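> Pasted the sequence and its predicted model underneath.
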Amino acid sequence: MTAPPPVAPRPPRRVDKTFYAMLLPVVLLFTLFITVPAVVGMFYSITNYVGYGDWEFVGLTNYIAIFSDPRILSSYGFTLGFSVVTVIVVNVVALALALGLSAKIKLKTALRGVFFIPMVISGIVIAYVFNYLFSTSLPTIAARLGIESLESSILADERFAWIAVVIVTAWQAIPGAMIIYLAGLLAIPGEVYEAASIDGARPWRQFRSITLPLMLGYVVINTILGFKGFLNAYDIIVGLTNGGPGTSTFSVAMTIFTGFTSGDYAYQMANAVLFFVITVLISVMQLRLIQRRGVSL
Amino acid sequence: MATTLPGTTSAGPSRAQEKNAPEPGGRRRSGWGLTVLIVLASLAVLLPLYFTVAMALKSSEEAATGSGFSWPWPMRFDNFATAWEMTAFPRAFAISLAVTVATVAGLVTLASCAAYAIARNWERKLFRWSYFYLLAAMFIPFPVIALPQIKLVSIVNLDNPAGVAILHILFGLSFNVLLYTAFLRSIPYELEESARLDGASTWQVFWRLIFPLLAPMNATVGIFAFLASWNDFMMPSLITSDPAMQTIPVVQSIFQSQFSANYNVAFASYLMAMAPTVLAYLFAQRWVMTGVTRGAIK
């Protein structure tokens, strides 16, 4: 992703001071507000700092404690599981919609317009709306129709609350993925399909042998972007379940933020460092996959 | 990050392109069946929105009974007035607007300047390394450094909307410097040379010549920054310490913490929170889609 530019234009011999003036403020701000906190935080993760007052070095104690903390382990379980499921749901639905929206249909522009709307709505606000839908409307409708299994709110059920989180997160993330797929579909030359039709390939066969392979690069992009967003899930969960019931939908981000109030500053900082390492590992794995597939980004 | 996907870099879905392009599904039917299917799917988007509107217009008795989908009669527009007062809407709106405008302006200016300096001095280590330094932050999400960052922000008295705007800018930098640098590479250096021969300074060359050329990129960066900043809940809720200085998404929480049955007012407030971006989107639809597509492909 960070390939150097192929041809660098030759700059004048001496660097114009203006260039420094353009770059350095950004680098300085960045160092002050991103790098310094990152280093400070990493430092505190090997102490017993509670957020104020004195502290001592405690070595890797915090890191070791994490692995026997059911609350943190379950937040990782939830966050990873939720991310994987949401990435799959988003990609499948977005690709299907992109295919549908680039096929010969009526009302194409209007329909596209509709499907993009969730992208512009605030996550927490739509989560509040769905909160009411899941906790009140759905049970009421289910009761009227006599569907017993849905008569109680899925938000109140430890086993199913995560499904609600997946649904709302996907609802909001699908347009973004769909845009990428729509752009990808436009890039496939029509002649390919014509040739396939002449050879007698049916639509499903065309999809499997032409569309899907050519869209693979876009699937990878959407998977990477998806994980990047979903692993840090916060807004929608706060509006929907606030981590509950119990701690069944507590995400890693939410767990880390408890470090503000619970006196767990150093401990949650160790959690944050661990989370960072896991995020990077997932990214590296995905980048590896890209290279192996030979997809050019 | 090569930007060489033919037909995709130039523009979003343009009408002319679509008409000629055979549909990727390879279908030959007129498409009514498929249209119906997609219209049904679009209900997944439209129903929650309809529901929000219907709830916002109900009386509190109506809102407390049934599934909430029924259309209210008579419509109660006074819910909006109540919500307006409860959330101190004008103030929250002003703060949201200030944060968003500062973020968009700051991000477009800082990222394009930095990218220009980097792209034109790629041979020099300082600039090249700065690029990778800024890019590395793409791997650092906010939750990872939130704890020390929020401490820092309050130490330097930025635990307010200004601090939120600064962090919105900084977290947007990595990706947008990448976008701008990629775009700037496609602008030939010769273009600047004549201006320089005429005695223009680097600063003038950038603002008079390069920045206008960056317009499509500015639009893309601006749209993304606008949406991310306006809709964000996480950062303002954690950074801004004074509840009176909160943005629109954050003030909605008063309807959660308060034990009250006036869901109609809550939904009127949600609707008012959604309206600005949805209306802006509906009016600038084509433009937004093109801009967003450009960003997606880079």
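Nice, thanks for sending it over.
> What ranges in the stretch 151-298 of chain B fall below the confidence cut-off?
B:257-261, B:295-298 (pLDDT under 70).
> Run a quick neighbour tally on residue 81.
No chain in the question, so chain A it is. Residues lying near residue A:81 (other CB atoms under 10 Å in any protein chain shown) number 12. The C-beta positions use only the backbone N, C-alpha and C, and glycine is treated the same way.
> if you could check chain B rather than the one you did, that'd help
Neighbour tally, residue B:81, other CB under 10 Å: 13.
> what does residue A:47 give?
Residues lying near residue A:47 (other CB under 10 Å) number 20.
> Residue A:267 is in contact with that one, correct?
No - using CB atoms under 8 Å, residue A:47 is not in contact with residue A:267; the gap is 10.0 Å.
> Can you work out which residues contact both of the two?
Contact criterion CB atoms under 8 Å, 6 or more residues apart in numbering or on different chains; residues shared by residue A:47 and residue A:267: none found.
> quick one: contacts for residue A:67?
residue A:73.
> Could you rerun that using 10 Å?
For residue A:67, the contacting residues are A:73, A:274, by CB atoms under 10 Å, 6 or more residues apart in numbering or on different chains.
> Which pLDDT value belongs to it?
We note a pLDDT of 92 for residue A:67 in this prediction.
> separation between it and chain B?
19 Å (CB to the nearest CB, to the nearest Å).
> Distance check, that residue against residue B:272.
46 Å (CB to CB, to the nearest Å).
> what's the answer for residue A:242, then?
23 Å.
> which one of these two has more residues nearby?
With neighbours defined as other CB under 10 Å, residue A:242 and residue B:272 compare such that residue B:272 has more, 21 against 15.
> In contact with the more buried one, which residues?
So residue B:272 contacts A:125, B:56, B:79-80, B:83-84, B:87, B:89, B:92-93, B:248, B:252 (CB under 10 Å, 6+ apart).
> distance of it from residue B:62?
Per CB to CB, residue B:272 is found 19 Å from residue B:62.
> three-state assignment of residue 236?
Chain wasn't specified; assuming chain A. helix (DSSP: H, G, I helix; E, B strand; the rest coil).
> okay, it: pLDDT?
Residue A:236 is assigned 95 on the pLDDT scale.
> And for residue A:297?
44.
> Spit out the contact partners of residue 38.
Since you didn't name a chain, this refers to chain A. A:31, A:272-273, A:276, B:137, B:140, B:144-145, B:148-149.
> that answer is for a different chain, and I need it for chain B
A:96-97, A:100-101, A:103, A:105-108, A:111-112, A:114-115, B:31.
> One more: residue A:226?
Residue A:226 neighbours (CB under 10 Å, 6+ apart): A:83-84, A:86-91, A:94, A:169-170, A:173, A:176-177.
> Please identify which helix or strand holds it.
helix A:212-230 (DSSP states H and E).
> how about the strands in the stretch 151-297 of chain A?
Counting by DSSP state E, counting those that start in this stretch, the stretch 151-297 of chain A forms no strands at all.
> what about it, any weak spots by pLDDT?
Counting by pLDDT under 70, the stretch 151-297 of chain A shows low-confidence ranges at A:293-297.
> let's see it at 80
Applying pLDDT under 80 to the stretch 151-297 of chain A flags the ranges A:262, A:287, A:289-297.
> Check which residues of the longest helix along chain A are buried.
For chain A, the longest helix by residue count, based on DSSP state H, is helix A:70-102. Neighbour-count burial for helix A:70-102, with 16 or more other CB atoms under 10 Å in any protein chain shown as criterion, is recorded at A:72, A:74-76, A:78-80, A:82-83, A:85-87, A:89-91, A:93-102.
> How about stretch A:135-153?
Residues A:135-142, A:153 are the ones in stretch A:135-153 that count as buried (16+ other CB under 10 Å).
> can you tell me which of those are up against chain B?
A:136-142 (CB under 10 Å from any CB of the partner chain).
> which element is the closest residue to residue B:162 other than its chain neighbours on?
Closest residue in space to residue B:162, ignoring its immediate chain neighbours: residue B:102 at 7.5 Å, by CB to CB, 6 or more residues apart in numbering or on different chains. Taking DSSP H and E as the criterion, the element that holds residue B:102 is helix B:89-120.
> how far off helix B:89-120 does the helix or strand following that helix point, in degrees?
Scanning forward in sequence from helix B:89-120 by DSSP H and E, the next helix or strand is helix B:125-136. Between the axes of helix B:125-136 and helix B:89-120, defined by axes from the mean of the first three to the mean of the last three CA atoms, to 10 degrees, the angle is 140 degrees.
> List the buried residues for helix B:125-136?
Within helix B:125-136, the residues scored as buried using 16+ other CB under 10 Å are B:126-128, B:130-131, B:134-135.
> Show me which of those residues is closest to residue A:197.
residue B:135 (44.0 Å; CB to CB).
> you'd agree the closest one is up against residue B:115?
No - with contact defined as CB atoms under 10 Å, residue B:135 does not count as touching residue B:115 (11.2 Å).
> joint contacts of those two?
What both residue B:135 and residue B:115 touch, as defined by CB under 10 Å, 6+ apart, is the set B:173, B:177-178, B:181.
> Near chain A, list only the ones from these.
B:173, B:177-178, B:181.
> Which residue, other than its chain neighbours, is closest to the most centrally placed residue in chain B?
Most central in chain B under CA atoms, centre = their mean is residue B:227, positioned 1.7 Å from the mean C-alpha point. Counting by CB to CB, 6+ apart, residue B:227 lies nearest to residue A:120, which is 5.9 Å off, once chain neighbours are set aside.
> ok, how many other residues are close to the one you found?
For residue A:120, using other CB under 10 Å, the count is 23.
> Cross-reference the shared contacts of residue B:135 and residue B:115 with the helices and report the matches.
Using DSSP H, B:173, B:177-178, B:181 are the members of the shared contacts of residue B:135 and residue B:115 that sit in helices.
> Of those, which is the nearest to chain A?
The closest of those to chain A turns out to be residue B:173 (CB to the nearest CB; 6.5 Å).
> gap between the closest one and residue B:227?
17 Å.
> what's the answer for residue B:249, then?
Taking CB to CB, one finds residue B:249 at 12 Å from residue B:227.
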